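**Student:** with the sequence up front, the predicted model follows.
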Amino acid sequence: MGRSSKPSDFSRNVGGPLTSWNITTLAAAWAKYEEVVAADPDDLEQYYFGGLALKMGGEERSDAEFFMFCRAAQAFHRSLPAAVAYYQGIVEDMEAAGETDEVCEDLRNVKGRVRLLTRYRQMKEEDAKFSLRKCTIS
């Protein structure tokens, strides 16, 4: 259970409480993960909450959970732009209802999903560009 000495850029600022993370916030994050899995073991949100709980615990493998969330969201929504648009719509609805980042952890978590999906899309685009540069025509 190694701790990373440097936070991952991929999972930087993706949600959770504004206060310092401690055993209470970690337990709450893990409880949310278990709640999602108990309600529907196939729910893609389990990967987001699992990643968040692992990140709060300092686990390097939190990114693996976040990547699984991104892949599952892409498959469920049929594309990354559609997945981003779905979560961005939730953000806009919550903000229109008067929610703010300072008060609403749910809003911070939805914005975190948008950040993850956006970063994942950028990574995939960079990988595709790199692959194209490596190709040569004989």
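**Tutor:** Yep, that arrived.
**Student:** and the lengthiest helix in the chain, what does it pack onto?
**Tutor:** In the chain, taking DSSP state H as the definition, the longest helix is helix 105-134. Applying 3 or more Cβ pairs under 8 Å, 6 or more residues apart in numbering; DSSP states H and E, we find helix 105-134 packed against helix 45-56, helix 62-77, helix 80-96. All C-beta spots, glycine's among them, are computed from the backbone N, C-alpha and C.
**Student:** which one of those helices is the most hemmed in?
**Tutor:** Stretch with highest mean neighbour count among the helices and strands packed on helix 105-134: helix 45-56 (a mean of 24; mean count of other Cβ atoms under 10 Å).
**Student:** ok, and what's touching that helix?
**Tutor:** Under the criterion Cβ atoms under 8 Å, 6 or more residues apart in numbering, residues 11, 14-16, 21, 25-26, 29-30, 32-33, 36-37, 61-66, 68-69, 72, 109, 112-113, 116 lie in contact with helix 45-56.
**Student:** quick one: distance of that helix to the chain centre.
**Tutor:** Distance, stretch centre to chain centre, for helix 45-56: 8 Å (Cα atoms, centre = their mean, to the nearest Å).
**Student:** and for stretch 24-39?
**Tutor:** Using Cα atoms, centre = their mean, the offset of stretch 24-39 from its chain centre is 15 Å.
**Student:** mind listing what's buried in that stretch?
**Tutor:** By 16 or more other Cβ atoms under 10 Å, the buried positions in stretch 24-39 come out as 25, 26, 29, 30, 32, 33, 36.
**Student:** hmm, residue 57 and the second one touching each other?
**Tutor:** Yes - contact between residue 26 and residue 57 holds when scored by Cβ atoms under 8 Å: they sit 5.6 Å apart.
**Student:** before we move on, back to that, wait, which of the helices and strands packed on helix 105-134 is closest to residue 128?
**Tutor:** With Cβ to Cβ as the measure, helix 80-96 is the member of those nearest residue 128 (12.2 Å).
**Student:** distance from the closest one to the middle of the chain?
**Tutor:** Centre-to-centre, helix 80-96 and its host chain are 14 Å apart (Cα atoms, centre = their mean).
**Student:** hmm, back to that, out of the buried residues of stretch 24-39, which sit inside helices?
**Tutor:** Using DSSP H, those in helices are 25, 26, 29, 30, 32, 33, 36.
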